[in-house]
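K.L.:
Attaching a predicted model along with its sequence, questions to come.
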Protein chains: 2
Amino acid sequence: MLETAILGLLNESPLHGYELRKRLNLLLGSFRAFSYGTLYPALKALEARGLIETADPAPTATTGRSGARSATGRPSSGGKAPLATGRRGRIVYQLTAEGKEHLQTVLSSSGPAAWEDESFDVRFALFAQTDAETRLRILEGRRTRLTERLEAVRESAARTRERLDEYTLELQRHGLEQVEREVRWLDGLITTERDRVRGRERDHTAGASDAPAQRSKERG
Amino acid sequence: MLETAILGLLNESPLHGYELRKRLNLLLGSFRAFSYGTLYPALKALEARGLIETADPAPTATTGRSGARSATGRPSSGGKAPLATGRRGRIVYQLTAEGKEHLQTVLSSSGPAAWEDESFDVRFALFAQTDAETRLRILEGRRTRLTERLEAVRESAARTRERLDEYTLELQRHGLEQVEREVRWLDGLITTERDRVRGRERDHTAGASDAPAQRSKERG
DNA sequence: GACTCGACGTATCGAGTCGATACATCGTGA
DNA sequence: TCACGATGTATCGACTCGATACGTCGAGTC
């Protein structure tokens, strides 16, 4: 799933590892952070599979043909631009054609692999690059998954009650409440997405395209 | 932290691995499950450190002096008792004196190691075995930790806004809301604990002991 | 009885991940 | 000038998970 996140971010713009990690952790709401020990091996694996490649943004020379680590190819022009200007021997990665293709395949899939705990956040963060039908299917799958879990926990709690102390009970109650709240959150998103799909079906030639629809101004 | 959880559970009653795992996962609200690949090595390490030992619940013989795997020492008496009766060569673990001592040391500690993400749930689940002052300190530490994180996320979000799409924003908003809710949950618990400590200070010889105080009947 | 099946029970392996750390360059300010 | 912190790439050891293997037991089924 890290791979999907990397591919999704690189599809927006080429990036180097350090920046990639920052955006990755920002993307996932700053919880669930990935470390370098995870990121760099993943980048190498992706490169070995031909899904990403090292870019060379420097206009000078470019003598080393495919060798990474373009040493200090700094153009000295950009005085202050905080990102995007090369500061030292960065290794900037970008998607290959094959990588783009693979990303599209992954983004249009909506199996269990999309709505499990580990992957749902990543897939959701890439919803802007996902078509509406797939978004809806992932949200519904996630909802079903959480509901099942809720059911299982409640059942096992009912079988085991009495034996637990006050604090354990409170911990369980709080956990259940968090999941219930997430289900309600999903409900809201599903409704929005359904309206979106329906609206597109109705006047499917009018102005609005599909990805960035209007923000619902609810939530007071 | 798995070790603390094991010690805490074994302090209530001797258990074997399978049952231990079930209770462990029940204890933590059925989220954050530990697998056998984690549990068994931990048990071995604990045994090697002399904090736990294998018990022999069978009344017959007990010839094998300290050998684990007491083969089929089943007493044949218990007709239906669902737990606690030995069914086969289980390996039942119990605390040693040293283990109990170590557990008490851990339970009375309240450093950062107690309120970080990985460990807080375990420490909270063992609150019934923790004294009130330590409970309070852990809850407050946790609250501070979450507040700090909230602050950091908000700040970095403020620095990076505009560039994010609708869905990423929504994911962030939802994540923040979850944490805010947890802070409010902690507030309630802290209030309860403070009342508890104060009540005990006031009439600190009257009936109620310290651990299982009355349930506050709020939450409608 | 002989059969299967699912719960119970111990145990290990490979793959993935984290946290800490090393090393190097650059800008900034005392 | 020199320390310090941000930027940047990279690796190592320790830990954890999910899957799986292997085995026992009780209950049903014909």
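P.N.:
Nice, I can see it. Numbers count the residues shown, from 1 in each chain, chains lettered A, B, ... in the order given.

K.L.:
contacts and neighbour counts: CA atoms only from here.
P.N.:
Will do.

K.L.:
what's around A:R123, how many residues?
P.N.:
25 (other Cα atoms under 10 Å in any protein chain shown).

K.L.:
what helix or strand is it on?
P.N.:
Taking DSSP states H and E as the definition, A:R123 sits inside helix A:117-125.

K.L.:
what residues does that helix touch?
P.N.:
A:1-2, A:4-5, A:27-28, A:107, A:113-115, A:135, A:142, B:167-168, B:171 (Cα atoms under 8 Å, 6 or more residues apart in numbering or on different chains).

K.L.:
Where helices are concerned, which of the residues you listed count?
P.N.:
Using DSSP state H, the subset of the contacts of helix A:117-125 located in helices is A:2, A:4-5, A:27, A:107, A:113-115, A:135, A:142, B:167-168, B:171.

K.L.:
Please convert those to CSV, extending it with distance to A:L43, pLDDT and neighbour count.
P.N.:
Formatted as CSV, those follow (distance: Cα to Cα, whole Å; pLDDT from 0 to 100; neighbours: other Cα atoms under 10 Å in any protein chain shown):
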residue, distance to A:L43, pLDDT, neighbour count
A:L2, 10, 88, 16
A:T4, 11, 92, 17
A:A5, 11, 91, 21
A:L27, 18, 80, 25
A:L107, 19, 92, 20
A:A113, 21, 82, 14
A:A114, 21, 87, 23
A:W115, 24, 87, 24
A:R135, 27, 94, 25
A:R142, 28, 92, 21
B:Y167, 25, 92, 16
B:T168, 23, 89, 21
B:L171, 25, 89, 18
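
K.L.:
can you tell me which of those lies nearest to A:L51?
P.N.:
Checking these against A:L51 with Cα to Cα, the nearest one is A:T4 at 11.0 Å.

K.L.:
Hmm, the closest one is touching A:L103, no?
P.N.:
Yes: taking contacts as Cα atoms under 8 Å, A:T4 lies within contact range of A:L103: 7.1 Å.

K.L.:
Restricting to the contacts of helix A:117-125, which residues neighbour DNA strand C?
P.N.:
Within the set of those, contact with DNA strand C (Cα under 7 Å from any atom of the strand) is found for A:M1, A:L2.

K.L.:
which of the contacts of helix A:117-125 lies closest to A:V197?
P.N.:
For those, the nearest to A:V197 is A:R135 (10.2 Å; Cα to Cα).

K.L.:
OK, contacts around that closest one?
P.N.:
Counting by Cα under 8 Å, 6+ apart, A:R135 has contacts A:F124, A:F127, A:E193.

K.L.:
can you do 7 Å?
P.N.:
A:F127 (Cα atoms under 7 Å, 6 or more residues apart in numbering or on different chains).

K.L.:
next one: A:S109
P.N.:
Going by Cα under 7 Å, 6+ apart, the list of residues near A:S109 is empty.

K.L.:
what phi and what psi does the backbone show at A:G50?
P.N.:
phi 80, psi 20 (degrees, to the nearest 10).

K.L.:
hang on, I meant A:I52
P.N.:
The phi/psi pair for A:I52 (degrees, to the nearest 10) is phi -130, psi 160.

K.L.:
Now do it against A:L7, distance only.
P.N.:
8 Å (Cα to Cα, to the nearest Å).

K.L.:
Over to A:D121?
P.N.:
15 Å.

K.L.:
same check, this time on A:D131
P.N.:
17 Å.

K.L.:
now do A:A128
P.N.:
14 Å.

K.L.:
all helices for chain A, in order.
P.N.:
Using DSSP H, helices in chain A cover A:2-10, A:17-27, A:36-48, A:97-107, A:112-115, A:117-125, A:132-160, A:166-202.

K.L.:
Turn those into a markdown table, columns for distance to B:Y93.
P.N.:
Converted to a markdown table, these look like this (distance: least, Cα to Cα, whole Å):
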| stretch | distance to B:Y93 |
| --- | --- |
| helix A:2-10 | 39 |
| helix A:17-27 | 41 |
| helix A:36-48 | 36 |
| helix A:97-107 | 47 |
| helix A:112-115 | 38 |
| helix A:117-125 | 33 |
| helix A:132-160 | 22 |
| helix A:166-202 | 22 |
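
K.L.:
Can you verify my assumption that A:L107 contacts A:T130?
P.N.:
Yes: with contact defined as Cα atoms under 7 Å, A:L107 counts as touching A:T130 (5.9 Å).

K.L.:
Close to chain B: what parts of chain A are there?
P.N.:
Contact residues, chain A versus chain B (Cα under 7 Å from any Cα of the partner chain): A:27, A:29-30, A:124-125, A:127-128, A:153, A:165, A:167-168, A:171-172, A:175.

K.L.:
Pull out the buried members of the residues you listed.
P.N.:
Burial by neighbour count, 16 or more other Cα atoms under 10 Å in any protein chain shown: within those this picks out A:27, A:29-30, A:124-125, A:127-128, A:153, A:167-168, A:171-172, A:175.

K.L.:
Pull the most distant pair out of those residues.
P.N.:
Going by Cα to Cα, the pair spanning those furthest: A:A128 and A:Y167, at 41.3 Å.

K.L.:
and the gap between A:W185 and DNA strand D?
P.N.:
Between A:W185 and DNA strand D the computed distance is 23 Å (Cα to the nearest atom of the strand, to the nearest Å).

K.L.:
Equivalent analysis for A:T191, please.
P.N.:
If you go by Cα to the nearest atom of the strand, the gap between A:T191 and DNA strand D works out to 29 Å.

K.L.:
Ok, A:T130 next?
P.N.:
From A:T130 to DNA strand D the distance is 26 Å (Cα to the nearest atom of the strand).

K.L.:
Same question for A:R145.
P.N.:
From A:R145 to DNA strand D the distance is 14 Å (Cα to the nearest atom of the strand).

K.L.:
ok and the helix holding A:R123 relative to helix A:97-107, angle-wise?
P.N.:
110 degrees (axes from the mean of the first three to the mean of the last three Cα atoms, to 10 degrees).

K.L.:
Residue ranges of each domain in chain A, please.
P.N.:
A:1-56+A:91-111, A:131-202 (automatic domain parsing).

K.L.:
The longest one: end-to-end distance?
P.N.:
In this case it means domain A:1-56+A:91-111. 13 Å.

K.L.:
show me where pLDDT drops low in chain A?
P.N.:
A:29-31, A:56-88, A:161-162, A:202-220 (pLDDT under 70).

K.L.:
most centrally placed residue in chain A?
P.N.:
Chain A has A:V122 as the residue nearest its centroid, 2.7 Å off, counting by Cα atoms, centre = their mean.

K.L.:
wouldn't A:L136 be in contact with A:T192 here?
P.N.:
No: here A:L136 does not reach A:T192: they are 9.5 Å apart, not a contact under Cα under 7 Å.
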